[in-house]
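Novice: Next come a sequence and a model predicted from it.
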Amino acid sequence: MGLLSWILVGGIAGWLSTKILKPKKKKGCFTGILLGVVGAIVGGFAVSFFGGTEVTGFNPYSIFVATLGAVILIWIARQFGE
């Protein structure tokens, strides 16, 4: 997956994850993209652990996996006091 695809998937996933969990503090655009990209890595690991495929490109499945990972990251951050 190319750099632009990672940024697009990360941006969408970061935005979706903040809409799902509504963090207490507003985050910037760069933070959302970074959250989504790292979320794609975490989500890919989590999904592959259960037998699924990782992030494969700019498609709905990859956005779902990245969003799942970003939600997991936000949840973990909340456990440590965000």
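Specialist: Ah, there it is. Please read these numbers as outputs of a predicted model, since none were measured by experiment. Numbering: from 1, shown residues only.
Novice: how distant is stretch 62-74 from the center of its chain?
Specialist: 3 Å (Cα atoms, centre = their mean, to the nearest Å).
Novice: buried set for that stretch?
Specialist: Judged by neighbour count (16 or more other Cβ atoms under 10 Å), stretch 62-74 contains these buried residues: 62, 63, 65, 66, 67, 68, 69, 70, 71, 72, 73, 74. For glycine as for every other residue, the C-beta is placed from the backbone atoms N, C-alpha and C.
Novice: And those residues, which is closest to residue 37?
Specialist: Taking Cβ to Cβ as the measure, residue 37 lies nearest residue 66 of the buried residues of stretch 62-74, at 7.6 Å.
Novice: Which pLDDT value does the model give that closest one?
Specialist: Residue 66 is assigned 86 on the pLDDT scale.
Novice: Now it: which helix or strand?
Specialist: Per DSSP states H and E: residue 66 is located in helix 60-79.
Novice: which residues are contacting that helix?
Specialist: Here helix 60-79 makes contact (Cβ atoms under 8 Å, 6 or more residues apart in numbering) with 1, 9-10, 12-14, 16-18, 20-21, 23, 35-47, 52-56.
Novice: buried subset of those residues?
Specialist: So, by 16+ other Cβ under 10 Å, the buried ones in the contacts of helix 60-79 are 9-10, 12-14, 16-18, 35-44, 46-47, 54-55.
Novice: Do a quick rundown of the helices in this protein.
Specialist: Counting by DSSP state H, the chain has these helices, from start to end: 3-21, 29-49, 60-79.
Novice: Now do the first one: distance to the chain's middle.
Specialist: For helix 3-21, the separation from the chain centroid amounts to 6 Å (computed by Cα atoms, centre = their mean).
Novice: now it: mean pLDDT?
Specialist: Rounded mean pLDDT across helix 3-21 is 84.
Novice: which helices and strands sit right next to it?
Specialist: helix 29-49, helix 60-79 (3 or more Cβ pairs under 8 Å, 6 or more residues apart in numbering; DSSP states H and E).
Novice: now that helix against helix 29-49, angle please.
Specialist: 90 degrees (axes from the mean of the first three to the mean of the last three Cα atoms, to 10 degrees).
Novice: returning to that earlier point: quick one: the helix holding residue 66 to chain centroid distance?
Specialist: Worked out by Cα atoms, centre = their mean, helix 60-79 lies 4 Å from the chain centre.
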